[in-house]
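Colleague: need coordinates for the following:
(chains A and B)
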Protein chains: 2
Amino acid sequence: MIRTLAVVGTGLIGTSVGLAMSRQGVTVHLVDRDASAARTAAALGAGVTDSPAGPVDLAVIAVPPRAVAGVLAEQRARGLARSYTDVASVKALPVRESGDGTPDATYVGGHPMAGRERSGPLAARADLFEGRPWVLTPSPHTSRTALNHALELVARCGATPLVMDHEAHDRAVALTSHAPHVVASLLAARLQHGTPDVLRLVGQGLRDTTRIAGGDPHLWTDILCSNAAPVVQVLREVERDLAGLCSALEDVGRDGEPKAASRRHVSDLLERGAAGLRAVRPWPAPGPVARQPFRVTVAERPGELTRLLDIVVEHGVDAHEVTARIAPENAGVTAEFAAPADTAGELRRRLAERGWHVEDASARPYRRPQSSRGSHPWEDGVVPAQRVAAALPGV
Amino acid sequence: MIRTLAVVGTGLIGTSVGLAMSRQGVTVHLVDRDASAARTAAALGAGVTDSPAGPVDLAVIAVPPRAVAGVLAEQRARGLARSYTDVASVKALPVRESGDGTPDATYVGGHPMAGRERSGPLAARADLFEGRPWVLTPSPHTSRTALNHALELVARCGATPLVMDHEAHDRAVALTSHAPHVVASLLAARLQHGTPDVLRLVGQGLRDTTRIAGGDPHLWTDILCSNAAPVVQVLREVERDLAGLCSALEDVGRDGEPKAASRRHVSDLLERGAAGLRAVRPWPAPGPVARQPFRVTVAERPGELTRLLDIVVEHGVDAHEVTARIAPENAGVTAEFAAPADTAGELRRRLAERGWHVEDASARPYRRPQSSRGSHPWEDGVVPAQRVAAALPGV
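Modeller: Here you go, the predicted structure:
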């Protein structure tokens, strides 16, 4: 049971840990080489700036990746704590750097998957870690006590522990966090000299794509240099795809009319992007979810379909997956969708209330809409909402 | 004055135009080569599917870029309308392709800067264009009537017109929209084969960076191929930066210890990204804004600084720009910030109410915080919230 904690480094993450643990009655000692930063954290309620009388139960080293090994060695020499963990976003480096041959049983690497664009203690929040994964990377030498202290910290911060090998962790964050940061920065760098007219055309898409480039360049240089090899591996793959795409577009541009192969090259990359995005979609829940397929016919009257969509989406149906078509014998518009089983009953009641014709479509097994790779699913008369745009050219 | 409108192509944009204009009493005729799509749009209230009795005032060609010239020529031959505009995100191509030598006075190119990840009529909204820029690209041949019809359409959809040369438009959207789409797709494509553990580490940063890769691959292939040369120009610059960064990171990785020049290369790119992002920040308003600088000292008591920050942010201060330091003679914590002039009076009252010591800091002119490029502004005792993280390594 953690009764006393030290936080070394009172930036965003360290101060947030202090806030979360202080709130639970743990005595938190705040340490920072900059006394002003520690006292700012204390003024926020993250703990006290007094030195502990004896070793604390757990010390959280919350400094940038390159500094972890040094600070850890230093604090261990002073006997600051019985167990140690850190929060750096790179996990192999501290292991490599602390390699004086002595296996260390008191340390377990850690990395809470939480952050904000803002840094420093003033950005800290007690609930920063709630519901987030928090990776722990115990080595074969890590003691059960150290591991349990770290697990308790994670639990009391409201996070979910995820145990990983430190090298697997570093490869994973290179892909999910470090390479994306580089790509956002590359793109944002292009905007540096935009004219006012150009900048007026900036929309939410670009803002979202580049948002993380606003992170502290100093800290991120440290992160990228500390995880260089795995980051380069991802970025070289991006570079290869980018070069291929540029060649294809140059080929397209040369005579105005896209050659089929070049066009396919462009389209393949976009399809792969869309597929990658589906792989990380937070919804629907992974694995098969019981769903109830519906077929509802409404009158072909302005606004009627909108009213149906509003109700359907309220009951947990992804609007992407609703399809519409003209009903047989022109008897209105038929929408098809599948509702989560737990809301299907209530939804059926609401639909019937409006006087709409509701059919149980369960005879036909529900299939997720196909990717648009060349297929035209509405050729059989069904118009997926997602696909109508591709069917535009007029009359 | 537009009394009758035709929309050719009832996807997201065309249907949204129909909804916005129908709502204002304009008779909107919906045309689509897929009758089911047009009738779906009509069922949403975007207009009627009957053919107009005679030429309408304005026809909006809402089909993908490569189809614009063909559909325009076809509809013009039928005499669908007195004036024509389109909504495609590429503007030079229709001009190039319709180049039969006859200058066309009835057409003005258009591009509303609005969209959603979803496409098709079911995603349409009457307020899709409200407050958004809508580019118009009149040629020297465009008649005043055609231009005024297009301007009226933009105004009645609630958007703001922005007149540009068609080639300048295409270069601008290559930078602000098309290249970002490619970059998001390249990154998303890397996620295609992530293991479940890797995918658990995906956070909001990656989701935002890749979100636009979810756009319809079919439509986006068309957009990229239609604006190939300007898009390639931006992407080749990204490629060059990326190759340089990879080399620098490889150099860093080789012996574990970053060489100063390589580290600087990484850091420079990140600084350029941050600078580009500041160039497109929607806040603060461009140009000098009258601000009232404050210096407020609170007791060094847990939570006191948090309470101050909450109130300050409520009054329009960007939390990024609040700094904190220990007051002289340890008399508490002093926060400095500058509030917008229009909320400063009310803020001063709120602060005084809490019994905090409020000083007018206007003697010192307010400066925006510097970029962190090598400077350490807290060396004089001031700790910018943004910079504390860089001062971490412990004790």
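Colleague: low-scoring stretches of the stretch 1-150 of chain A, by residue?
Modeller: Along the stretch 1-150 of chain A, the model assigns pLDDT under 70 to residues A:94-103, A:117.
Colleague: what segments of it are strands?
Modeller: A:4-8, A:27-31, A:56-61, A:81-86, A:107-112, A:133-137 (DSSP state E, counting those that start in this stretch).
Colleague: next one: the stretch 201-350 of chain A
Modeller: Under DSSP E, counting those that start in this stretch, the stretch 201-350 of chain A gives strands at A:291-298, A:323-326, A:333-340.
Colleague: how far out from the middle of the chain is the shortest one?
Modeller: Averaging C-alpha positions (Cα atoms, centre = their mean, to the nearest Å) puts strand A:323-326 34 Å from its chain's average.
Colleague: could you do stretch A:292-308 as well?
Modeller: That offset, for stretch A:292-308, works out to 35 Å (Cα atoms, centre = their mean).
Colleague: which of the residues in it are buried?
Modeller: A:292-298, A:300, A:302, A:304-306, A:308 (16 or more other Cβ atoms under 10 Å in any protein chain shown). Just so you know, the C-beta spots here come from the backbone N, C-alpha and C atoms, and that holds for glycine as well.
Colleague: list of residues touching that stretch?
Modeller: Contact with stretch A:292-308 is made by A:324, A:326-327, A:330-341, A:344, A:347-348, A:351, A:354, A:356-362, A:364, A:366, B:22, B:39-40, B:42-46, B:122, as judged by Cβ atoms under 8 Å, 6 or more residues apart in numbering or on different chains.
Colleague: rerun that using 6 Å as the cut-off
Modeller: A:327, A:332-339, A:341, A:344, A:351, A:356-359, A:361-362, A:366, B:43-45 (Cβ atoms under 6 Å, 6 or more residues apart in numbering or on different chains).
Colleague: are any of those buried, and which?
Modeller: For those, buried by 16+ other Cβ under 10 Å: A:327, A:332-339, A:344, A:351, A:356, A:358, A:361, B:43-45.
Colleague: count the residues that sit near A:A73.
Modeller: Neighbourhood size, A:A73 [other Cβ atoms under 10 Å in any protein chain shown]: 15.
Colleague: return the distance of it relative to chain B.
Modeller: 11 Å (Cβ to the nearest Cβ, to the nearest Å).
Colleague: just the pLDDT at the residue sitting furthest away from the middle of chain A, thanks.
Modeller: In chain A, A:E329 marks the outermost C-alpha relative to the chain mean, sitting 47.4 Å out by Cα atoms, centre = their mean. For A:E329, the model assigns a pLDDT of 81.
Colleague: what's the spacing between stretch A:339-351 and its chain's center?
Modeller: 30 Å.
Colleague: ignore what I typed, I meant stretch A:261-272.
Modeller: For stretch A:261-272, the distance to the chain centre is 26 Å (Cα atoms, centre = their mean).
Colleague: quick one, domains of chain A?
Modeller: A:4-165, A:171-279, A:291-391 (automatic domain parsing).
Colleague: take these and lay them out in TSV including distance to B:R200.
Modeller: Output for the domains of chain A, formatted as TSV (distance: least, Cβ to Cβ, whole Å):
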stretch	distance to B:R200
domain A:4-165	5
domain A:171-279	9
domain A:291-391	22
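Colleague: whichever residue of the stretch 101-250 of chain A sits closest to chain B and A:V280: what is the separation?
Modeller: With Cβ to the nearest Cβ, the shortest gap between the stretch 101-250 of chain A and chain B falls at A:S185, namely 3.0 Å. Distance of A:S185 to A:V280, computed by Cβ to Cβ, to the nearest Å: 21 Å.
Colleague: list the contacts for the closest residue to A:T27 other than its chain neighbours?
Modeller: Leaving aside its sequence neighbours, A:T27 sits nearest to A:T4 (Cβ to Cβ, 6 or more residues apart in numbering or on different chains; 4.8 Å). Applying Cβ under 6 Å, 6+ apart, we find A:T4 in contact with A:T27, A:V56, A:D57.
Colleague: ok, for the last one, nearest residue in space, not its chain neighbours?
Modeller: Nearest in space to A:D57, with sequence neighbours left out and distances taken as Cβ to Cβ, 6+ apart, is A:I2 at 4.6 Å.
Colleague: need the max-distance pair from the buried residues of stretch A:292-308.
Modeller: Longest distance between any two of the buried residues of stretch A:292-308 is 28.6 Å, between A:Q292 and A:P302; criterion Cβ to Cβ.
Colleague: residues near A:A279, how many?
Modeller: With other Cβ under 10 Å as criterion, A:A279 counts 16.
Colleague: can you pull the buried residues of the host helix or strand of A:D197?
Modeller: A:D197 is located in helix A:196-200, with elements delineated by DSSP states H and E. With burial defined by 16+ other Cβ under 10 Å, the residues of helix A:196-200 counted as buried are A:D197, A:V198, A:L199, A:R200.
Colleague: repeat for stretch A:33-43
Modeller: Buried, per 16+ other Cβ under 10 Å, within stretch A:33-43: A:R33, A:D34, A:S36, A:A37, A:A38, A:R39, A:T40, A:A41, A:A42, A:A43.
Colleague: quick one, phi/psi of the closest residue to the fifth one other than its chain neighbours?
Modeller: Spelled out, it's A:A38. Leaving out its chain neighbours, the residue that sits closest to A:A38 by Cβ to Cβ, 6+ apart is A:D32, at 4.0 Å. With angles defined as degrees, to the nearest 10, A:D32 sits at phi -150, psi 140.
Colleague: same check, this time on A:A126
Modeller: Dihedral angles for A:A126 - degrees, to the nearest 10 - are phi -60, psi -30.
Colleague: wait, what's in contact with it?
Modeller: A:L19, A:A20, A:R23.
Colleague: kindly recompute the last result at 7 Å.
Modeller: A:S16, A:L19, A:A20, A:R23 (Cβ atoms under 7 Å, 6 or more residues apart in numbering or on different chains).
Colleague: wait, what's in contact with the third one?
Modeller: Right, the one you point to is A:A20. Contacts of A:A20 (Cβ under 7 Å, 6+ apart): A:A126, A:F129, A:R156, A:C157.
Colleague: change it to 10 Å
Modeller: A:26, A:28, A:46, A:124-130, A:153, A:156-159 (Cβ atoms under 10 Å, 6 or more residues apart in numbering or on different chains).
Colleague: can you tell me which of the residues you listed end up in helices?
Modeller: A:L153, A:R156 (DSSP state H).
Colleague: what's the most distant pair in the contacts of A:A20?
Modeller: Among the contacts of A:A20, A:V28 and A:E130 lie farthest apart (Cβ to Cβ), at 17.9 Å.
Colleague: neighbour-wise, which of these two wins?
Modeller: A:V28 (28 against 13).
Colleague: which residue, other than its chain neighbours, is closest to that one?
Modeller: A:G47 (3.1 Å).
Colleague: list the contacts for the nearest residue to A:V280 once chain neighbours are set aside?
Modeller: Nearest residue to A:V280, sequence neighbours excluded (Cβ to Cβ, 6+ apart): B:V202, at 4.7 Å. By Cβ under 10 Å, 6+ apart, the contact set of B:V202 is A:113, A:133, A:172, A:175-177, A:180, A:279-282, B:191, B:194, B:210.
Colleague: residue nearest the centroid of chain A?
Modeller: Short answer for chain A (Cα atoms, centre = their mean): A:T176, at 7.6 Å.
Colleague: which ones are touching that residue?
Modeller: Per Cβ under 10 Å, 6+ apart, neighbours of A:T176: A:113, A:234, A:280, B:190-191, B:194, B:198-203, B:205-207.
Colleague: can you select the buried ones from these in PyMOL?
Modeller: Selection of buried members from the contacts of A:T176 for PyMOL, criterion 16+ other Cβ under 10 Å:
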select buried, (chain A and resi 113+234+280) or (chain B and resi 190+191+194+198+199+200+201+202+203+205+206+207)
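Colleague: and the contacts of A:T176, which is closest to B:L12?
Modeller: Nearest to B:L12 among these, with distances taken as Cβ to Cβ, is B:R207, at 21.9 Å.
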